[in-house]
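Novice: What follows is a predicted protein model with its sequence.
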Amino acid sequence: MKKLISILLMCVSLMAAVSCGNGSGKLLPNVSGKAGEIIVVVNKGDWEGAVGNELRSLLASDCPFLPQKEPLYTLINITPATFTNIFQLHRNIVFVNIDEKVTEPGVVYKTDQWAQPQCIILVNAPDSDTALNLVKENGELILNSFEQAERDRVIINSMQYEEFALRDATNKVFGGSPYFPMGYKMKKQTGDFFWISYDTQYTIQGIFVYKYPVEGKDDMTIGSIISHRNEMLKANVPGMFENTYMTTAEAVEPSLEYIKYRDREFAQVRGFWEVHNDYMGGPFISHSFYSKDGKEIIVLEAFVYAPRYDKRNYLRQVESIIYSFEWADEQEKR
């Protein structure tokens, strides 16, 4: 395998001096704001200058593998003077505090300061150049913190409002399962392939769970993963018309990276799906990993079909669900 890419978790790998949680024990209101939004509190001059440009490059660059351009996050600039109580309740906040009185420059990460579940990142700097360098040096951790916060909100909701029967069925066949929220239904179930989906009139948020035997050292290469994917989907996901079925789009080559997330290692593939001999298509993301006994490859795949809408939030929601996967014995410990 290539070098594993570790996803940095909020409040896990941070220094002991960093505050995580409000610590007051008081009951907090629920967060406000839409999924995928971040409030950026910084003065107008720095927002329109190098600091703002760096934050936009980090947090509002194009979301990968979407058919239309959409930013990773929607940024809303608020000046410190207008950062009133209503904005303090927002789900995601970056506060850039530039003040010559700052004697200990740095980046502080907090959760649930004014609301819950809330993610706040505070950049303390005596001048704009220092603030710019802090954002550059801590960019990966800043981005991953917001990614994890958004993901955790979906997972918490999935666990709180769970379709228990779906997890039970998946555990029996695969030895583990994601947590599926209410509204998801089993569309197809075989001995090695599950199709679970949340469908509305104009959107589909689908999850495939399937497995196949381990073959050798090339199992976790992009070629092997896509080959097995196409084989499984051709056999199990027909289109609306004769000789149509889901497959991997070839116009854009899928990406592959190796992830370590909460002690679980998997190969993550992002790409586009399409229907052979038809015009349907959209983004997908898959996680491939070894079964507990090492004899099979288990695949979790999230995909979206939403031709009338932006797809970033739909994909992030269903992607978060597959990130919630736990082995059955881990679930029993909860």
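Specialist: That came in fine, so what should we check first? Residues are numbered from 1 along each chain as shown.
Novice: Enumerate the positions of stretch 177-194 that are buried.
Specialist: For stretch 177-194, burial by neighbour count (16 or more other C-beta atoms under 10 Å) applies to 177-181, 184, 187, 192-194. For the C-beta atoms, the positions are set from N, CA and C on the backbone; glycine is no exception.
Novice: Nearest to V40, out of these: which one, please.
Specialist: Out of the buried residues of stretch 177-194, the one with the shortest distance to V40 is P181. That distance is 30.0 Å, counting by C-beta to C-beta.
Novice: Please report phi then psi for that closest one.
Specialist: The phi and psi torsions at P181 (degrees, to the nearest 10) take the values phi -80, psi 170.
Novice: So which other helices or strands are in contact with the lengthiest helix in the chain?
Specialist: Taking DSSP state H as the criterion, the chain has its longest helix at helix 139-160. Helix 139-160 is packed against helix 50-59, strand 92-98, strand 106-111, strand 119-125, helix 312-323, with contacts defined by 3 or more C-beta pairs under 8 Å, 6 or more residues apart in numbering; DSSP states H and E.
Novice: if we can go back for a sec, biggest separation within the buried residues of stretch 177-194, which pair?
Specialist: When C-beta to C-beta is used, the two most widely separated members of these are P181 and D192, lying 24.4 Å apart.
Novice: how about the longest helix of the chain as CSV, C-alpha atoms only?
Specialist: The C-alpha coordinates for helix 139-160 follow below in CSV (Å, rounded to 0.1, in the frame of the first residue of the first chain):
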residue,chain,number,x,y,z
GLY,A,139,-4.4,24.4,6.8
GLU,A,140,-4.7,20.6,6.7
LEU,A,141,-5.8,20.5,10.3
ILE,A,142,-8.3,23.4,9.9
LEU,A,143,-9.9,21.7,6.9
ASN,A,144,-10.0,18.3,8.5
SER,A,145,-11.6,19.7,11.6
PHE,A,146,-14.5,21.1,9.7
GLU,A,147,-14.8,17.9,7.6
GLN,A,148,-14.9,15.8,10.8
ALA,A,149,-17.4,18.1,12.5
GLU,A,150,-19.8,18.0,9.5
ARG,A,151,-19.4,14.2,9.3
ASP,A,152,-20.0,13.7,13.0
ARG,A,153,-23.3,15.6,12.8
VAL,A,154,-24.6,13.3,10.2
ILE,A,155,-23.4,10.2,12.1
ILE,A,156,-24.9,11.4,15.4
ASN,A,157,-28.2,11.9,13.6
SER,A,158,-28.0,8.5,12.0
MET,A,159,-27.4,6.8,15.3
GLN,A,160,-30.1,8.8,17.1
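Novice: Toward the C-terminus from that helix, list the very next helix or strand.
Specialist: Proceeding N to C from helix 139-160, the next assigned helix or strand is helix 164-174, under DSSP states H and E.
Novice: Could you point out the helix or strand that follows that next one?
Specialist: Immediately after helix 164-174, counting by DSSP H and E, sits strand 176-177.
Novice: chain center to whichever helix or strand comes after that next one: distance?
Specialist: Under the assignment DSSP H and E, the closest C-terminal helix or strand after strand 176-177 is strand 185-189. Centroid separation between strand 185-189 and its chain, computed with C-alpha atoms, centre = their mean, to the nearest Å, is 23 Å.
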